[in-house]
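Participant: Have a look at this prediction, sequence included:
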Amino acid sequence: MATVSAKQTSGMSALSLVYCGMFAALMMIGANITTFVPFLMVGGVPITLQPFFSVLAGLILGSRLGAISMIVYMAVGLAGAPVFAKFQGGFAEILSPTFGFVLSFILVAYIAGKIVEKNGSLRSYIISGLVAVAFSYLFGTNWLYFAYKFWAKAPDVFTYKVAWIWMIPPLPKDIILSILAGVFGHRMYKVLKVRRGR
């Protein structure tokens, strides 16, 4: 019986790793939707599906595995693979004004997962998605502002207010997708029965 239990645990861990890889891949796809829809770009900030997939990773995989899947995505990009928005990659991307959003996705997945680990109701899933995306906006927009002020070349009219104005176009999309991620994540977690690592 002990041998069977060990195999089951090992198999489940392997499946969890597959899910982590799957969400890292979804982030790579979601990052480059602007390649196919070029007008989804405001002030140099691409409008992507990354917030949706990062929230979903946390809701389905849990805080630890969700965050790991986002770390894998970031590591692949920093290693040089063209997986960031506009098919960018490489360690120099750390200096990009939008890299704060990439970093935020790790905590987005963690926050979303942590909330639903404490309360698994549909309402909690929806709230967790909204809270996590709000954090992404807060962290990413402040990184954008300080990047343009201290090491990147800022547009002439750039101010802190302008940085937040640039966030207005993708906001309705991300609010709607956060709610959908909550509904979808609540259903899919029950279907997939992912073993959340804590």
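Facilitator: Thanks, I have it. Predicted model only: the values in this text are computed from it and were never measured.

Participant: quick one, strands of the protein?
Facilitator: Using DSSP state E, the strands found in the chain span residues 41-42, 45-46.

Participant: Report the residue spans of the protein with pLDDT below the cut-off.
Facilitator: Low-confidence segments of the chain, defined by pLDDT under 70: 1-12, 34-46, 193-198.

Participant: what about 80?
Facilitator: Counting by pLDDT under 80, the chain contains low-confidence ranges at 1-13, 15-16, 33-47, 86, 155, 189-198.

Participant: All the helices of it, residue numbers only.
Facilitator: Counting by DSSP state H, residue ranges of the helices within the chain are 2-31, 33-36, 50-61, 63-78, 99-118, 122-150, 160-165, 171-192.

Participant: Specify the stretch among those that is closest to K86.
Facilitator: Among the helices of the chain, the nearest to K86 by CB to CB is helix 33-36 (6.6 Å). Any C-beta I mention is one placed from the backbone N, CA and C, and that applies to glycine too.

Participant: Quick one: residues contacting V55.
Facilitator: The contact partners of V55, by CB atoms under 8 Å, 6 or more residues apart in numbering, come to 108-109, 112, 128-129, 132-133, 177-178, 181-182, 185.

Participant: how far is stretch 86-106 from where the chain is centred?
Facilitator: Computed by CA atoms, centre = their mean, to the nearest Å, the chain-centroid distance of stretch 86-106 equals 12 Å.

Participant: so how far is the first residue of it from its last?
Facilitator: Start-to-end span of stretch 86-106 (CA to CA, to the nearest Å) is 20 Å.

Participant: One more: stretch 69-88?
Facilitator: 19 Å.

Participant: Pull out the buried residues from it.
Facilitator: By neighbour count with 16 or more other CB atoms under 10 Å, stretch 69-88 contains the buried residues 69-70, 72-74, 76-78, 83-86, 88.

Participant: next one: stretch 108-124
Facilitator: Per 16+ other CB under 10 Å, stretch 108-124 contains these buried residues: 108-117, 124.

Participant: Out of those, the closest to Y160 would be?
Facilitator: Comparing the buried residues of stretch 108-124 against Y160 with CB to CB places V108 closest, at 22.2 Å.
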